[in-house]
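Engineer: Predicted structure and sequence below. I'll ask about it afterward.
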Amino acid sequence: MDAFARILRQRAVDPDAVRDVAAAWDAFGEFLQIEVEGIERSENDSDGFIVEWGKWGWNDNHPALSFSRLLAVSESDDRDDPDWQPKYWKVALQLVFAEDPAWTDLDRLGHQDTGFDYDEIGAPRIAALGEMRQFIESYPQLAAMWRAEPTRSGLALERAG
């Protein structure tokens with residue numbers, strides 16, 4: 001999480017007051033290229049990313065867009081246990097927006113996402129980010145949200161699943 005916050009600040013983006021979605025996305029892309037120590041091997045879907053959007057209770061049901069990285073962290077648990085699983089952590093930047101007619105149908109769609117992508121760091125991940133961005137542009141509500149200014153934002157590290 002600290003690395004993402006540092007990258008955002010280097011780009012003059014305050015994690016708690018994002019005003020430019022595209023600048024936040026560019027910082028997210030840079031963050032996704034950083035190797036993380038202590039995560040599981042790639043065959044365990046150890047390092048992925050996702051974009052989510054919708055209205056959630058924890059943000060007072062305001063329209064939101066979230067850029068997240070999911071990491072499977074190795075811990076000192078007994079790996080010989082047949083039920084052993086890595087611990088999953090999520091670094092998420094959530095952008096919250098005011099209501100707007102451009103994305104009125106967002107609540108009708110419910111919680112939506114792009115699905116997790118686990119492409120390797122480097123060129124495969126850059127290509128996957130480009131495809132994800134094109135996918136977002138294919139939804140008029142998301143494209144409008146992308147060009148809007150968030151009313152608030154927050155960066156969080158939380159246990160996933």
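Structural biologist: Received, thanks.
Engineer: And the lengthiest helix in the chain, what does it pack against?
Structural biologist: Ranked by number of residues, the top helix in the chain under DSSP state H is helix 123-137. Helices and strands touching helix 123-137, by 3 or more C-beta pairs under 8 Å, 6 or more residues apart in numbering; DSSP states H and E, are helix 21-31, strand 47-55, helix 140-146. Just so you know, the C-beta spots here come from the backbone N, C-alpha and C atoms, and that holds for glycine as well.
Engineer: residues of that helix that come out buried?
Structural biologist: For helix 123-137, the neighbour count (16 or more other C-beta atoms under 10 Å) marks 125, 128-129, 132, 136 as buried.
Engineer: Give the residue farthest from the middle of the protein.
Structural biologist: The C-alpha centroid of the chain is most remote from residue 80, which lies 32.2 Å away (C-alpha atoms, centre = their mean).
Engineer: hmm, back to that, quick check: which of the helices and strands packed on helix 123-137 is buried the most?
Structural biologist: Most buried of the helices and strands packed on helix 123-137, by mean neighbour count (mean count of other C-beta atoms under 10 Å): strand 47-55, with a mean of 20.
Engineer: Whichever helix or strand comes after that one vs helix 123-137, what angle?
Structural biologist: Counting by DSSP states H and E, the element after strand 47-55 in chain order, helix or strand, is strand 63-73. For strand 63-73 against helix 123-137, the angle by axes from the mean of the first three to the mean of the last three C-alpha atoms, to 10 degrees is 160 degrees.
Engineer: name the helices or strands packed onto strand 63-73?
Structural biologist: Packing partners of strand 63-73 (3+ C-beta pairs under 8 Å, 6+ apart): helix 21-31, strand 47-55, strand 87-96, helix 140-146.
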